[in-house]
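J.: Mind looking at a prediction? Sequence and model below.
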Amino acid sequence: MTHLLDVDSLLELPGIGEKISGKLIEHFGSEESALEVLRKHDVASLSSVPGISEKYAISLIHEVIAGEEGVSIEEFLRTQEAYSVYEKIIGLIRSYAHTPYSRAKISTFIPYPSKRADRIKAIQAEIEDYVTLANTLKDDAELNAALKKVRHLKEPSKAVKSRDRAIFTDSKEDYEKLVRDGVDRYLDVYFIESMGELVDIAKGYSQPLVLGSRFAATDFPDDMGFEFMEGGAAETWWLAPEAVIAFFAANKEPIEASLRAIKIIRERSGHVICSQLDDAKISELSQEMARITPEGELEMGVDPEVDRLKGVLDRHGEAFKAALKKANADLHERMENNTVTLKGSQLLGMFGEKGEAGLKSMLEKEVARAYSAVINEAKESIKAQLALKPFEMQYVDMMFSDDIVYPIELNYRAVDSFKSAINRQLSKRSLDLKRGCAKRLSKLKTACMEMVREVLEFDTYFAIGSFAADYGLNMPAISDKAGISISSAYNIFLRGRAKKVEPVSYAVGIKTKDTKGERVVILSGVNSGGKTTMLDLLAQVVILSHMGFPVPAESAEVGLVDELMYFSKSKGTLTAGAFEATIKSFSSVIGKSRKVVLVDELESITEPGASAKIIAGILETLHENENSIAVFVSHLAEQILENTKCGIRVDGIEAKGLDANLNLIVDRSPRYNYLARSTPELIVERLTRASDGDEKLFYQKLLGKFKGL
Ligand SMILES: Nc1ncnc2c1ncn2[C@@H]1O[C@H](COP(=O)(O)OP(=O)(O)OP(=O)(O)O)[C@@H](O)[C@H]1O
């Protein structure tokens with residue numbers, strides 16, 4: 001078995017060839033990152049690689065575990081039925097997980113053999129805490145809703161590049177660092193070698209930033225607006241705060257959901273989670289996250305000035321249009337109501353030397369008052385509507401012509417200057433605020449990623465705890481010698497299938513007040529009594545307890561083994577070839593290894609006489625192995641016992657009678673040392689009670705035969 005810690009190439013791992021290795025490296029970026037995913041047993045990430053199914057990802061992780069722990073799932077679950085029971089249990093637990101990550105991770109829990117009793121006990125201790133926790137929190141709707149939104153954090157896939165800002169550097173080192181940190185995804189970054197080159201390219205940007213001191217002393221044209229900064233020292237949060245914020249913005253939902261989940265878990269259960277982030281850090285991170293939108297912008301309400309400027313940009317068009325419309329209407333109305341009275345001399349002046357010009361200037365004076373009044377009203381309304389500051393009003397002033405024009409129109413150049421001025425203010429103020437935000441967030445990135453990982457890990461254990469709490473499971477006592485004893489137990493697969501599940505008690509290989517700890521037993525009983533259900537239950541108990549999980553019993557003791565063999569009922573008499581194959585598969589019971597063997601009605605593989613001999617032989621072999629226990633369900637107990645001399649116990653599930661609805665009343669717990677017969681008598685009694693007339697008389701006659709009448 002290959003341990004991952006000793007491996008530096010994926011190809012050294014079993015199950016990974018050139019093709020898969022290539023896919024993993026391409027997807028995770030490097031061989032080391034791919035190995036890290038395997039080391040973390042992260043099935044969800046593995047199965048997100050195109051071409052890798054979840055089933056294959058799970059089997060790869062099982063290989064990894066086999067290498068790390070020196071155990072393998074196939075060595076424990078030795079038959080297909082044993083594996084099916086394991087898979088069904090895992091399926092049930094998976095339905096309690098809230099995230100694809102934890103759902104997949106649950107499939108990495110496996111049963112351990114007896115040599116890993118330490119591991120089993122360690123898992124037991126951990127799971128027990130989560131069962132207690134789940135009893136408090138499993139139905140907490142808020143917590144469940146929050147957990148559903150948690151997923152691994154990812155680097156943002158798309159970046160919006162600034163068109164105004166760019167970084168120029170003459171240092172190859174600085175340039176490479178900027179590219180490495182992903183700053184070039186958000187701002188253009190240039191490596192420049194000459195001043196001429198710098199000036200040429202920088203012309204295209206309104207906020208060029210030069211890193212390094214080489215060009216600082218140079219005289220540049222004033223209007224280029226260069227900002228200079230020492231290279232090396234500049235951090236990403238300052239140079240491109242959007243690069244830092246983008247990560248948190250893209251992951252806003254899972255981060256905020258994790259924060260909510262942590263708060264609920266801490267407040268409502270006191271469970272220790274994410275100890276590296278105390279309550280103060282959690283609130284700091286929550287506050288920072290509340291400041292940014294999923295698009296990486298500042299949330300409304302963070303800064304009133306940014307909100308005002310954004311409001312101006314959003315609403316200025318409408319405000320200008322409305323003010324202009326009103327100004328024209330007002331001017332029209334004022335002039336409608338205006339009459340101009342001319343004195344006689346003014347009237348005569350019209351025909352004098354200055355003629356029309358004199359009249360126009362006289363009328364202008366009359367209109368000017370009304371014009372300036374409506375223009376002033378328009379400006380005031382724009383100022384009030386957009387909450388403009390005095391210096392911003394300069395641009396508004398320039399929008400209206402001093403000369404009277406009708407209809408009044410806006411000077412669109414002035415409108416553009418106004419918009420640019422507002423935009424400049426907004427980007428400067430946002431940049432300052434984003435830098436503050438990015439500075440604080442950049443310090444929290446590692447802790448934040450760790451936090452989300454822990455919450456996902458929490459959900460895995462919380463799902464196991466919730467499953468155990470929901471099914472009322474209890475931790476079994478673990479012992480050394482092969483054996484199982486369960487009391488008030490029930491088969492978890494019956495839930496939802498049987499109307500009312502009756503708890504059962506049973507023991508094999510462990511001494512109780514009714515048994516001597518016999519290790520090999522035949523379980524006989526009425527049809528539909530619950531024998532198969534009992535075998536399934538025993539398999540569940542063996543698997544769950546070897547995983548370190550609680551079992552479906554009020555109390556249980558389980559002796560650790562190394563293998564589980566479960567053979568289910570064969571569907572009818574087999575062909576000679578299939579019969580041979582089945583007998584061969586039973587040769588695996590040979591050997592002294594510690595094992596639990598469960599077999600359901602092996603007799604149906606061939607005719608009863610031959611079956612009884614074969615079963616007797618197998619039971620004898622198992623009886624010789626001190627380290628194994630076996631339960632064989634069979635209707636041939638008497639014939640089997642005739643074929644062997646070794647002391648095999650026979651237990652029975654017995655029908656006690658018929659209930660008011662003529663259904664069999666079965667005591668589902670096997671009676672020890674009791675050969676339960678199939679109960680044709682009860683069937684005949686049922687027919688008697690359910691019929692009348694001649695038919696009833698006929699059944700009564702048959703019943704009489706049973707009663708010796
Ligand atoms: N403890 C129990 N509580 C409630 N219902 C049960 C219980 N055990 C078994 N049953 C129900 O009884 C029915 C028969 O069970 P099962 O198939 O295990 O019987 P069986 O003895 O193996 O029958 P057969 O001899 O016909 O194979 C099933 O429908 C099962 O759901």
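T.: All right, it came through fine. Residues are numbered from 1 along each chain as shown.
J.: all contacts plus neighbour counts: C-alpha atoms, from now on.
T.: OK.
J.: for Tyr86, phi and psi?
T.: phi -60, psi -50 (degrees, to the nearest 10).
J.: Setting aside sequence neighbours, what's the nearest residue to it?
T.: Ile543 (6.6 Å; C-alpha to C-alpha, 6 or more residues apart in numbering).
J.: tell me which element Val272 falls in.
T.: Assigned by DSSP states H and E, Val272 belongs to no helix or strand.
J.: ok, for it, nearest residue in space, not its chain neighbours?
T.: Nearest residue to Val272 in three dimensions, chain neighbours excluded: Arg266, at 6.9 Å (C-alpha to C-alpha, 6+ apart).
J.: right, and the one you found touches Cys274 too?
T.: No - at 9.9 Å, Arg266 does not count as touching Cys274 under the criterion of C-alpha atoms under 8 Å.
J.: which regions of this protein sit below the pLDDT cut-off?
T.: Applying pLDDT under 70 to the chain picks out residues 1-7, 217, 220-224, 233, 354-355, 498, 572-574, 677-679, 708-709.
J.: what does it have sitting close to the ligand?
T.: Proximity of the chain to the ligand, by C-alpha under 6 Å from any ligand atom, involves residues 494, 498, 500-504, 527-533, 668.
J.: Now the buried members of these.
T.: 503-504, 527, 529-533, 668 (16 or more other C-alpha atoms under 10 Å).
J.: Among these, give me the pair with the biggest separation.
T.: By the measure C-alpha to C-alpha, Pro503 and Asn527 form the most distant pair in those, at 18.6 Å.
J.: OK, contacts around the residue of the stretch 601-709 of the chain found nearest the ligand?
T.: Residue nearest to the ligand within the stretch 601-709 of the chain: Arg668 (5.2 Å; C-alpha to the nearest ligand atom). By C-alpha atoms under 8 Å, 6 or more residues apart in numbering, Arg668 lies in contact with 502-504, 529-530, 653-654.
J.: try 10 Å
T.: Counting by C-alpha atoms under 10 Å, 6 or more residues apart in numbering, Arg668 makes contact with 501-505, 525, 528-531, 533-534, 652-655.
J.: How about the secondary structure of it?
T.: With DSSP: H, G, I helix; E, B strand; the rest coil as the basis, Arg668 sits in strand.
J.: all helices for the stretch 501-650 of the chain, in order.
T.: Remark: helices assigned in the stretch 501-650 of the chain by DSSP state H, counting those that start in this stretch are 531-547, 576-585, 608-624, 637-642.
J.: Which stretch among these is buried most, on average?
T.: Greatest average neighbour count among those goes to helix 531-547 (a mean of 24), per mean count of other C-alpha atoms under 10 Å.
J.: Nearest residue to the residue nearest the centre of the chain in space, please, no chain neighbours.
T.: In the chain, the centroid-proximal residue (C-alpha atoms, centre = their mean) is Thr99; its distance is 2.5 Å. The shortest distance from Thr99 to any non-neighbouring residue, by C-alpha to C-alpha, 6+ apart, is to Lys148 (5.6 Å).
J.: Near the one you found, how many other residues are there?
T.: 18 (other C-alpha atoms under 10 Å).
J.: swap in Ser95?
T.: 12.
J.: What residues does it make contact with?
T.: 103, 463-464, 467.
J.: By neighbour count, which of these wins?
T.: In terms of neighbour count, Ile464 stands highest of those at 28 neighbours, by other C-alpha under 10 Å.
J.: so that residue touches Ser107, yeah?
T.: No - Ile464 lies out of contact with Ser107 (C-alpha atoms under 10 Å); the separation is 11.2 Å.
J.: so where does the residue of the stretch 51-200 of the chain found nearest the ligand fall, helix or strand?
T.: Residue of the stretch 51-200 of the chain nearest the ligand, by C-alpha to the nearest ligand atom: Val85 (14.5 Å). Taking DSSP H and E as the definition, Val85 sits inside helix 80-94.
J.: contacting residues around the helix or strand just after that helix?
T.: Remark: after helix 80-94, the chain's next helix or strand is helix 100-106, criterion DSSP H and E. With C-alpha under 10 Å, 6+ apart as the test, helix 100-106 has contacts from 40-47, 54-55, 57-58, 61, 90-91, 93-97, 99, 108, 148, 150-152, 453, 455-464.
J.: Phi first, then psi, for Met645.
T.: Just so we're on the same page, residue 645 is Lys rather than Met. phi -110, psi -10.
J.: whoops, Ala243 was the one
T.: phi -70, psi -40.
J.: so it touches Arg180, yeah?
T.: No - counting by C-alpha under 10 Å, Ala243 does not reach Arg180; the two are 11.9 Å apart.
J.: more neighbours, the two?
T.: Per other C-alpha under 10 Å, whichever of Ala243 and Arg180 has more neighbours is Ala243, with 26 against 10.
J.: Count the residues that sit near the single nearest residue of the stretch 201-350 of the chain relative to the ligand.
T.: Residue nearest to the ligand within the stretch 201-350 of the chain: Ser269 (34.9 Å; C-alpha to the nearest ligand atom). Neighbour count for Ser269, taken as other C-alpha under 10 Å: 15.
J.: Show me the helices in the stretch 151-300 of the chain, by range?
T.: Using DSSP H, counting those that start in this stretch, helices in the stretch 151-300 of the chain cover 172-180, 195-202, 236-239, 241-250, 252-269, 279-291.
J.: So which elements touch whatever helix or strand Gly22 lives in?
T.: Following DSSP H and E, one finds Gly22 within helix 18-28. Contact here means 3 or more C-alpha pairs under 10 Å, 6 or more residues apart in numbering; DSSP states H and E; on that basis helix 18-28 packs against helix 31-39, helix 43-47.
J.: CA atoms only for it, dumped as CSV, please.
T.: In CSV, the C-alpha atoms belonging to helix 18-28 read as follows (Å, rounded to 0.1, in the frame of the first residue of the first chain):
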residue,chain,number,x,y,z
GLU,A,18,-1.1,9.0,-17.3
LYS,A,19,-4.5,10.1,-18.5
ILE,A,20,-6.1,10.7,-15.1
SER,A,21,-2.9,12.2,-13.8
GLY,A,22,-2.9,14.7,-16.7
LYS,A,23,-6.5,15.6,-16.0
LEU,A,24,-5.9,16.1,-12.3
ILE,A,25,-2.8,18.3,-12.9
GLU,A,26,-4.7,20.4,-15.5
HIS,A,27,-7.7,20.9,-13.3
PHE,A,28,-5.9,21.6,-10.0
